[in-house]
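Asker: no sequence on this one, just coordinates:
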């Protein structure tokens with residue numbers, strides 16, 4: 001995948017030959033939700049774990065590096081540094097490994113062991129920050145490192161870099177449009193950086209001029225997006241939904257495109273992640289569970305009967321084997 005030519009041209013069997021692993025990003029499937037949500041609405045899940053590094057952040061990682069190279073901001077011999085909750089870091093790390101860049105990633109120490117091991121497997125250097133400070137602590141540490149040696153470090157800044165929502169406007173949005181013929185009424189997306197919901201919504205509303213009711217999902221324990229929309233004091237706090245709820249409002253989140261915010265308790269997100277596996281055969285992470293919980297609420301509303309709801313499921317459950325998601329599951 002690249003920002004210039006979104007996807008390589010497939011052969012007559014629908015299979016493309018890629019020059020590197022980053023080009024295989026995208027074209028993830030939409031799967032109908034059948035058993036876990038029963039309602040007159042149609043719920044379609046965008047399975048982003050089908051990307052090469054198993055998350056929606058593959059799109060962003062590749063786009064951030066390609067954009068920086070094109071602009072001359074990232075050159076051979078430079079060192080990438082970025083704050084991450086795990087998935088963007090993994091995406092950046094696999095692309096960096098393929099292109100020969102060194103990379104340092106700052107992340108809260110509360111992130112899963114699996115994520116840390118995967119990052120190290122790709123050759124990344126990890127700097128763990130205090131869990132209580134959330135993603136803001138990781139961001140501050142990355143900025144400190146980049147500021148100390150600006151000639152050496154390149155800081156992509158996924159939370160504010162416009163290449164983040166742009167790649168979703170260029171790829172994720174068009175994929176959903178093509179798969180559904182543009183017949184989508186509601187989008188449900190958890191918010192980490194804000195790039196996914198902003199980019200897809202922008203494609204539908206500004207490129208295709210089609211209304212889309214966009215619903216942002218955040219942790220109930222840290223409901224600052226909803227509080228911001230309502231003009232209330234912000235009460236960020238710790239939660240267990242890795243990948244969303246950064247405890248600050250990212251610059252890449254276009255609040256004008258967000259029609260509703262649904263806050264989901266961590267316990268409900270975990271329950272719905274497990275339910276998605278046992279009822280749909282789709283093993284997903286905790287933030288996907290939060291998105292599914294929100295989609296279920298929307299599908300149950302009488303006014304949404306007959307409508308099509310697309311829910312973004314950002315990553316795979318295998319990345320959470322050491323987390324609370326699997327703590328009640330015995331290996332015996």
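Answerer: Cool, got the structure. Just so you know, these numbers come straight off a predicted model, no measurement behind them.
Asker: neighbours of residue 95, how many?
Answerer: Neighbourhood size, residue 95 [other C-beta atoms under 10 Å]: 26. In short, each C-beta sits where N, CA and C put it, glycine included.
Asker: what residues are up against residue 193?
Answerer: 60, 88, 158, 159, 164, 246, 250, 252, 253 (C-beta atoms under 8 Å, 6 or more residues apart in numbering).
Asker: at 7 Å what do you get?
Answerer: 158, 159, 164, 250, 252 (C-beta atoms under 7 Å, 6 or more residues apart in numbering).
Asker: retrieve the pLDDT associated with it.
Answerer: pLDDT for residue 193: 94.
Asker: repeat for residue 322
Answerer: pLDDT, residue 322: 85.
Asker: with residue 10 instead?
Answerer: At residue 10, the pLDDT value in this model is 58.
Asker: show me where the protein has strands.
Answerer: Using DSSP state E, the strands of the chain run over 30-32, 42-47, 79-83, 102-108, 125-129, 153-154, 186-190, 213-219, 260-264, 308-313.
Asker: which strands or helices does the last one pack on?
Answerer: On a contact count with 3 or more C-beta pairs under 7 Å, 6 or more residues apart in numbering; DSSP states H and E, strand 308-313 meets strand 42-47, strand 186-190, helix 286-299.
Asker: cool, the shortest one as well?
Answerer: The contact analysis (3+ C-beta pairs under 7 Å, 6+ apart) places strand 153-154 against strand 79-83.
Asker: coming back round to it: of the strands of the chain, which is nearest residue 324?
Answerer: strand 213-219 (13.4 Å; C-beta to C-beta).
Asker: contact partners of that closest one?
Answerer: Looking at what lies outside strand 213-219 - C-beta under 7 Å, 6+ apart - the contacts are 185-191, 197, 201, 225-226, 239, 241, 244-245, 257-264, 266, 290-291, 294, 298.
Asker: if you set the cut-off to 8 Å instead, what comes out?
Answerer: Here strand 213-219 makes contact (C-beta under 8 Å, 6+ apart) with 185-191, 197, 200-201, 224-226, 239-241, 244-245, 253, 257-266, 269, 290-291, 293-294, 298.
Asker: tell me the angle of it relative to strand 260-264?
Answerer: Put simply, strand 213-219 runs at 30 degrees to strand 260-264, going by axes from the mean of the first three to the mean of the last three C-alpha atoms, to 10 degrees.
Asker: residue ranges with poor pLDDT in the stretch 1-150 of the chain?
Answerer: Along the stretch 1-150 of the chain, segments meeting pLDDT under 70 span 1-14.
Asker: residue 284 is in contact with residue 275, isn't it?
Answerer: No: counting by C-beta atoms under 8 Å, residue 284 does not reach residue 275; the two are 9.9 Å apart.
Asker: which of the two has more neighbours?
Answerer: A count of neighbours by other C-beta under 10 Å puts residue 284 above the other of residue 284 and residue 275, at 29 against 18.
Asker: check what pLDDT that one gets.
Answerer: At residue 284, the predicted lDDT confidence score is 98.
Asker: for residue 298, see how far away residue 279 is.
Answerer: 18 Å (C-beta to C-beta, to the nearest Å).
Asker: neighbour count for these two, which is higher?
Answerer: Set residue 279 next to residue 298 and count neighbours by other C-beta under 10 Å: residue 298 wins out with 23 against 15.
Asker: any weak-confidence spans in the stretch 201-332 of the chain?
Answerer: Those would be 330-332, if you go by pLDDT under 70 across the stretch 201-332 of the chain.
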